[in-house]
Structures are given as structure tokens and as C-alpha cells.
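Student: I would like to see how this sequence folds:
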Amino acid sequence: MVLPALAIYAFLYLYPALSNLAYALQRWDGVTKAKFVGLHNFVNMTNNDDLLHKVVGNSFKFTFFVVIFQTAASLFFATFLVKNTKTNIALRTLYFFPTILSSVSVGLIWTFLYDPNFGFVNAIFKKVGLNSFALNWLGSEKSSLYAIAFSQVWFHTGQMMVIYIAGLQQIPAELYEAAEVDGASRWQQFKNVTWPMAMPTTAVVVAYTTIQSFRAFDLIYSMTQGGPQNSSNILVTLIYNTAFSSFRFGYASAESILLVVVVLVITWLQRRVLRINTGEK
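Tutor: Numbering: from 1, shown residues only. Next comes the predicted model:
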């Protein structure tokens, strides 16, 4: 009974993964015969590829921004919407709605909102007298990456909020009752009860958000295609451009292995830190 599922898994996942490892050791343009070059692609990535180094930095900046703000926002909303009242259920539905949209749709929506001439974002800043904040958000090297990161936070906060709500509802009510008897304020209850008890859920949210951020290809490509001047280019968009614009499929395979290693290391470190904070071994 396991054999059909194993065959599908091997064909769709295992074989492509092993093929990617093989191509990473070759020079291949997708048409002519591949040439074995050993570790040359990896050596070139380490020593000679300034663009890759910049893109790796962009990936870390993008992920750090999204993880911090998306985790904080989703926990904030979950804290206030944890009770199953009609109003809270309606608000949960409203906040979750962006998640069901496609990445390209969200990218087009935010591209319109960020438009420097008639976009809603700049119109709001000008309306309240903050003209200095009315920027060319996606056309500036300084702001494009963070503008897209904010769109990513808006896109997935509702999804992470639902995960947090599920976790917070598992916290025994007796803990809050005991804290109230001791005279603890709302902030003290959050600090000493909610946050420590929500740490396992936080580990899931942070890990999932990290993976989402490194895989945010559709959103970035629909908004800036990695521009201007590669300021919003991250690893997944670079891999796509390397393979399908430069036709360097072997080098793109090596870059994809780097992406996997980076994500594995980051998620492992996150789990270690969160386990330390919860006292787990």
C-alpha cells in the first residue's frame, strides 16, 4: 500500500533533488551536453559572485523584517481575538482573507498602492502633511525591499494569527485566574503567562514565516522583478534569473543548494534559541 505513494514521492521530489545535486557539479545551459566541473560552481559562488553576496544580504534583511513584524502582529491580533465571540470570529475572517489571495494578485494590489503618483500610500501621507514620507517606494533602492516585506507581512499575518489563536486557546484558564487573584495587570499576565506558554507555537510560526520569506518569489517578481539595481532581489528570484535569463542551469542548481542550506541552518538556530528560552533540552 505504501508503494504508490513512495513512487510518486520519488518521481516528484527525490529524483529532482538528486538531479539538482548532479547539475550543481556541472556547467549546463539547458540545451547542450552538460560538462562536469566539480566544485567550481560553489567556489565561484564563494569567491567571485558579488551579486550573489548582495542577494544573500537582501534575503537576510527581508526575512528578518518579515519574521519580526509578522510574528509580533499575528500574536498581537491573536491575543485580542482568542475568545470565540461572534465579533472576534468575524474579525478573524477579515484578517485571514488576504491569505486566500494569490501572491501575484497581492503583488499587483500593492504595486498600485505604492504608485508614487496616484497610489493610496502616498496619498495618505500627503493628506496628513507628511510629504517627506511620500516616496517612490518600489523605485528606490533604499525602500523597495522593505516595501515588499511590508506587503508580505500584510499577506500572511492573518494565517499566523490563526495558528497563534489555536495555541493560545490551549493555555489553561486557571493560570489567568490565579494571576488576577495575585493582582497581575494585563501586561504582567501576557509577560508571565501568555508569552512563555505560547513559545512552542512561536517556534512553529517563526519557522514557517522564515521558510515563507525565503520562498517569496511570486510577490517580489510581480512587484519589482528584483529591481531596481537588484535591491529587492533575493535568492529565489536570483536562482530563477540565473536559470531562465542567463541559461546557467548548473550554477542555478548550486545556488538552490545554498538556499536549502541557509534555510536549514536558520530554522535550526531558531529552534535552538526558542528551546533555550522555554527551558527545553
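Student: what about Ala147, which helix or strand?
Tutor: helix 144-168 (DSSP states H and E).
Student: Output the helix or strand just after that helix as PDB - backbone C-alpha positions only.
Tutor: Next helix or strand after helix 144-168 toward the C-terminus (DSSP H and E): helix 173-181. Output in PDB follows, covering the C-alpha atoms of helix 173-181 (Å, rounded to 0.1, in the frame of the first residue of the first chain):
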ATOM      1  CA  ALA A 173      -7.800  29.500  32.100                       C
ATOM      2  CA  GLU A 174      -6.700  28.700  35.700                       C
ATOM      3  CA  LEU A 175      -3.400  30.300  35.100                       C
ATOM      4  CA  TYR A 176      -5.000  33.700  34.200                       C
ATOM      5  CA  GLU A 177      -7.400  33.400  37.100                       C
ATOM      6  CA  ALA A 178      -4.500  32.800  39.500                       C
ATOM      7  CA  ALA A 179      -2.700  35.800  38.000                       C
ATOM      8  CA  GLU A 180      -5.800  38.000  38.500                       C
ATOM      9  CA  VAL A 181      -6.100  36.900  42.100                       C
END
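Student: buried ones in helix 173-181?
Tutor: For helix 173-181, the neighbour count (16 or more other CB atoms under 10 Å) marks Ala179 as buried. The way it works is simple: take the backbone N, C-alpha and C, and place the C-beta from them, glycine included.
Student: Skip the chain neighbours and tell me the closest residue to the residue positioned nearest the centre of the chain.
Tutor: Closest to where the C-alpha atoms of the chain average out (CA atoms, centre = their mean) is Ser213, at 1.7 Å. Of all residues not flanking Ser213 in the chain, Thr63 sits nearest, at 4.0 Å (CB to CB, 6 or more residues apart in numbering).
Student: Kindly report the same for Glu255.
Tutor: Distance criterion CB to CB, 6+ apart; nearest residue to Glu255, sequence neighbours excluded, is Ile239 at 4.8 Å.
Student: Now do the helix holding Ala147, average pLDDT.
Tutor: For helix 144-168, the mean pLDDT works out to 96.
Student: any idea of the pLDDT on the spatially closest residue to Ile109 that is not a sequence neighbour?
Tutor: Sequence neighbours aside, Leu101 is the residue nearest to Ile109 in space, at 8.0 Å (criterion: CB to CB, 6+ apart). Leu101 carries a pLDDT value of 93.
Student: Now Leu101. Its backbone dihedrals?
Tutor: Here is the backbone geometry of Leu101 (degrees, to the nearest 10): phi -80, psi 160.
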